[in-house]
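Chemist: Sequence and computational prediction follow.
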Amino acid sequence: MDKLALLGGEPAVKEPLPHYRTMGDEEESAVLRVMRSGNLSAYLGAWSPAYWGGPEVQAFEKEWASAFDVEYAVAVNSATSGLIAAMGAVGIGPGDEVIVPPYTMSATAVAPLFYGGIPVFVDIEQDCFCLDAKRVEQEITPKTRAIIAVNLFGQPADLKALRDLADAHGLYLIEDNAQGPFAMQGGQLAGTIGHIGVFSLNYHKHIHTGEGGVCVTRDKSLAERLAMIRNHAENASEHIGDGDFTNLIGHNFRMTELGAAIGREQLKKASAFVGRRIEIADRLTEATSGLTGITAPKVRPSCRHVYYVWGALYNEAEVGVSRELFAKALEAEGVPVGVGYVAPLYLLPPFKNRIAIGSKGFPFNLTNRVYQAGLCPITERLHHKEMLTYLICSFDPSDEQVDQIIAAFHKVHAHRENLATSSVSAA
């Protein structure tokens, strides 16, 4: 087999991988249609028929609700906004505890802070990388109000078990489904098993509008509250709802007509886009299954994993080469891989220093929770030692290039002894 590219050989991947692009003629026509209408946004932040948005936004919401078999969809300008709105909608207030995973984009854990909620970090599963339901049960206290489960990398969390826990304890289950559109568990679509599901339409997701998001629910009251928080709730609260004004001080989380028009076209293509991500991931999994020290992503039983990220486990002792040096060799072969994902969120300064809103530490002065290294040992081990990632939704290789990526894995693995004894540094 050829010499490793890192040691002077030819790379296995012959040309740079093209970036994943989802925009086409349909989106261009949709944008032109809205531009020519003159209505780039049709919201009013006061009680009126326009309070709910323009025709593109409302059509997009109906089409999204139909695609995900839910009663209500509420378009927002980002999944981050959707998570904040979800916290407001379920009534999170100062001192309420919200169970979150530490291995996710920061917005998941930050969202409760906007209402004075306390993030409670619970460790993840070793094999599926999502909230461990058994550990969640151990952390429920009288202060617990909600659970935010992240369907990380496109893999559904153990949503049935988490929903059962939520129902048994009178809690809300929020699904952060930013990475899992059309993932499934037990025949149900991810994002629809919790009380509220939050989807992302950020530019590097399966389908996107540049920036954007959608919240879904089967509960009319939650849907109304989400829509109100999205659009200056204080100006409409006297006209809607059951008289509960909790958290009905609103934001401007509104999606534009342009974004909604693009989203409508992207939704039509979603099946093909998601199917191709799964196809590439399945080929990588099958091809690496025999490589000592590399464990391809596990798919939870009765689940559909949609692979925002292909996340493998790396065993340095079995491979005989550090994860960082192995990844560097793969990158030299033309395979863009990463080590770890994001650092455990509780190590970010606002959590570690217990300062979030105001200089006195609110809301952390309402809790004795301490955020420090060692809090979630599985997350820390995976991040610092074992996780090896390929970003499925960042690149769009041809079938031939997928073959070359697979060849690169085998090439680096076959030459691992040469790599280990070389003078090349992983830095």
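Modeler: Done, it's in.

Chemist: Please make it C-alpha for all contacts and neighbour counts, starting now.
Modeler: Fine.

Chemist: List the buried residues of stretch 252-270.
Modeler: 253-267, 270 (16 or more other C-alpha atoms under 10 Å).

Chemist: any idea which strand is longest in this structure?
Modeler: strand 144-150 (DSSP state E).

Chemist: neighbouring contacts of that strand?
Modeler: Contacts to strand 144-150, defined as C-alpha atoms under 8 Å, 6 or more residues apart in numbering, come from residues 92, 96-101, 104, 108, 130-131, 156-157, 159, 166, 170-177.

Chemist: likewise stretch 3-19?
Modeler: Under the contact criterion C-alpha under 8 Å, 6+ apart, stretch 3-19 has outside partners 2, 328-329, 332-335, 394-397, 401, 404-405, 407-408, 411-412, 415.

Chemist: Just the buried residues from those residues, in PyMOL please.
Modeler: Written as a PyMOL command, the selection of buried residues from these, which uses 16+ other C-alpha under 10 Å, is:
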select buried, resi 328+329+332+333+334+335+394+395+396+397+401+404+405+407+408+411+412
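
Chemist: Select from the contacts of stretch 3-19 every entry located in helices.
Modeler: Among the contacts of stretch 3-19, the residues falling in helices (DSSP state H) are 328, 329, 332, 401, 404, 405, 407, 408, 411, 412.

Chemist: where's the closest residue to residue 19 other than its chain neighbours relative to residue 341, distance?
Modeler: Nearest residue to residue 19 in three dimensions, chain neighbours excluded: residue 395, at 4.2 Å (C-alpha to C-alpha, 6 or more residues apart in numbering). Going from residue 395 to residue 341 by C-alpha to C-alpha, to the nearest Å gives 17 Å.

Chemist: Next: residue 199.
Modeler: 20 Å.

Chemist: Who has more neighbours out of the two?
Modeler: Neighbour count, other C-alpha atoms under 10 Å: between residue 199 and residue 341, residue 199 has more, with 27 against 17.

Chemist: so what's the more buried one bridging to?
Modeler: Here residue 199 sits in beta bridges with residue 214, as judged by DSSP bridges.

Chemist: Tell me the confidence at residue 241?
Modeler: Residue-level confidence at residue 241 comes out at 65, pLDDT.

Chemist: again with the one 10 residues further on
Modeler: Model confidence at residue 251, expressed as pLDDT, equals 97.

Chemist: OK, contacts around it?
Modeler: Listed by C-alpha under 8 Å, 6+ apart, the contact partners of residue 251 are 229, 230, 231, 232, 233.

Chemist: mind listing the helices for the stretch 101-250 of the chain?
Modeler: 107-110, 133-139, 159-169, 220-230 (DSSP state H, counting those that start in this stretch).

Chemist: scratch that, the stretch 251-400 of the chain is what I was asking about
Modeler: Counting by DSSP H, counting those that start in this stretch, the stretch 251-400 of the chain has these helices, from start to end: 257-288, 316-319, 323-332, 349-352, 377-381, 399-414.

Chemist: Show me which positions of the second one end up buried.
Modeler: Of the residues in helix 316-319, those with enough neighbours to count as buried (16+ other C-alpha under 10 Å) are 316, 319.

Chemist: Mind listing residues that contact that helix?
Modeler: For helix 316-319, the external contacting residues (C-alpha under 8 Å, 6+ apart) are 292, 293, 294, 322, 323, 385, 386, 413, 416.

Chemist: same question, the third one
Modeler: Helix 323-332 is touched from outside by 4-6, 11, 314-316, 336-339, 385-386, 388, 408-409, 412, 416, 419, 425-427, with contacts defined as C-alpha under 8 Å, 6+ apart.

Chemist: at 7 Å instead, please
Modeler: The contact list for helix 323-332, computed with C-alpha atoms under 7 Å, 6 or more residues apart in numbering, reads 5-6, 11, 314, 316, 337-339, 408-409, 412, 425-426.

Chemist: Apply the buried test to those and list what passes.
Modeler: Among these, those scoring as buried are 5, 6, 11, 314, 316, 337, 338, 339, 408, 409, 412 (criterion: 16+ other C-alpha under 10 Å).

Chemist: would you turn those into TSV with distance to residue 349?
Modeler: Shown next, in TSV, are the buried ones among the contacts of helix 323-332 (distance: C-alpha to C-alpha, whole Å):
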residue	distance to residue 349
5	39
6	36
11	40
314	29
316	30
337	27
338	23
339	22
408	38
409	37
412	37
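
Chemist: and which of the contacts of helix 316-319 is nearest residue 125?
Modeler: Comparing the contacts of helix 316-319 against residue 125 with C-alpha to C-alpha picks out residue 386 as the nearest, at 13.2 Å.

Chemist: Count the residues that sit near the closest residue to residue 145 other than its chain neighbours.
Modeler: Spatially, and ignoring its direct neighbours in sequence, residue 145 is nearest to residue 171 (5.2 Å; C-alpha to C-alpha, 6+ apart). One way to gauge burial is a neighbour count; for residue 171, by other C-alpha under 10 Å, it gives 19.

Chemist: Would you mind measuring from residue 171 to residue 163?
Modeler: Distance, residue 171 to residue 163, using C-alpha to C-alpha: 9 Å.

Chemist: before we move on, what about residue 244?
Modeler: Shown here: residue 244 relative to residue 163, a distance of 25 Å by C-alpha to C-alpha.

Chemist: Secondary structure element for the nearest residue to residue 247 once chain neighbours are set aside, which one?
Modeler: Once flanking residues are discounted, residue 247 sits nearest to residue 88: 5.4 Å by C-alpha to C-alpha, 6+ apart. Using DSSP states H and E, the element containing residue 88 is helix 79-89.

Chemist: which helices and strands sit right next to that helix?
Modeler: Counting by 3 or more C-alpha pairs under 7 Å, 6 or more residues apart in numbering; DSSP states H and E, the packing neighbours recorded for helix 79-89 are strand 196-200, strand 213-217, helix 220-230.

Chemist: following that helix, which helix or strand shows up next?
Modeler: Per DSSP H and E, the helix or strand that comes after helix 79-89 is strand 97-100.

Chemist: Adjacent strands (with direction) for that following strand?
Modeler: strand 118-121 (parallel), strand 144-150 (parallel).

Chemist: Next, the angle helix 159-169 makes with the longest one.
Modeler: Our comparison of strand 144-150 with helix 159-169, counting by axes from the mean of the first three to the mean of the last three C-alpha atoms, to 10 degrees, yields an angle of 170 degrees.
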